[in-house]
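Colleague: Here is the input, now give the coordinates:
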Amino acid sequence: MRQGTRFPEPASTPDLRGLLLDYLDFFRGVVAAKLDGMSEAELARSVVPSGWTPAGLVHHLVNVERRWLVWGFLGEPLEDPWRDAAEDSGWVTLDLPIAELHTMLDDAGSRTRAIVEAHQLSDVARVGGRFTDQASAPELQWILLHLLQEYARHAGHLDIARELLDGRTGEEG
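Modeller: Sure, this is the predicted structure:
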């Protein structure tokens, strides 16, 4: 894993917020490790019928975090909150080197950690950004669980793509 991120083993803990952040870091690290060794052409090429690319998947994931935490939870306005969505219902693929994709993931992780550490898990998202009324605004803990689901799901997709590209499998790449 990147930066020594290890799988957070299940255990009882009074620090659920820290545990959820550790799991997010872990899955973000899995995604980053899956990119390692891919050429720029492989990052921008799809190997699945739906057409998504590894670079497009990273762009999607960092924008999911941005949408749910900045626009959603904090209620801050975002220019083009759906900037990762293509007109054909697919994802936008950025033509970026692997180092920039890693930076995007690292920046998203730092931003997420700062937001989450400044709030309680039971805090409710602010109205005015993604959520137009209090009834639709979820608690931060729900948002974090959704982000975990999103990262775990797409880490699995990237695992399949990597296996199709060069046979590599597993969480380390």
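Colleague: burial count for the nearest residue to residue 163 once chain neighbours are set aside?
Modeller: Nearest residue to residue 163, sequence neighbours excluded (CB to CB, 6 or more residues apart in numbering): residue 169, at 5.3 Å. In this view, the C-beta of every residue, glycine as well, is placed from N, C-alpha and C. Counted with other CB atoms under 10 Å, residues neighbouring residue 169 total 11.
Colleague: Just the element for residue 169, please.
Modeller: Remark: residue 169 resides in no helix or strand, with elements defined by DSSP states H and E.
Colleague: Geometric centre of this structure: which residue is closest?
Modeller: With distances taken as CA atoms, centre = their mean, the residue of the chain nearest its centroid is residue 61 (3.5 Å).
Colleague: Can you give me the pLDDT of that one?
Modeller: Looking at residue 61, its pLDDT is 97.
Colleague: And for the one 4 residues further on?
Modeller: Model confidence at residue 65, given as pLDDT, is 97.
Colleague: same check, this time on residue 4
Modeller: 49.
Colleague: now do residue 10
Modeller: pLDDT, residue 10: 65.
Colleague: Hmm, residue 143 and residue 123 touching each other?
Modeller: No - the criterion here is CB atoms under 8 Å, and residue 123 misses it with residue 143 at 9.9 Å.
Colleague: For these two, work out which one has more neighbours and name it.
Modeller: Per other CB under 10 Å, whichever of residue 123 and residue 143 has more neighbours is residue 143, with 23 against 14.
Colleague: Where does the prediction get shaky in this protein?
Modeller: Within the chain, the stretches with pLDDT under 70 are 1-6, 8, 10, 171-173.
Colleague: mind listing the helices for it?
Modeller: For the chain, the helices defined by DSSP state H cover 16-35, 40-43, 54-65, 98-117, 140-166.
Colleague: Please name the nearest non-neighbouring residue to the residue nearest to the centre of the chain.
Modeller: Distances taken as CB to CB, 6+ apart place residue 154 nearest to residue 61, at 5.9 Å, with adjacent residues excluded.
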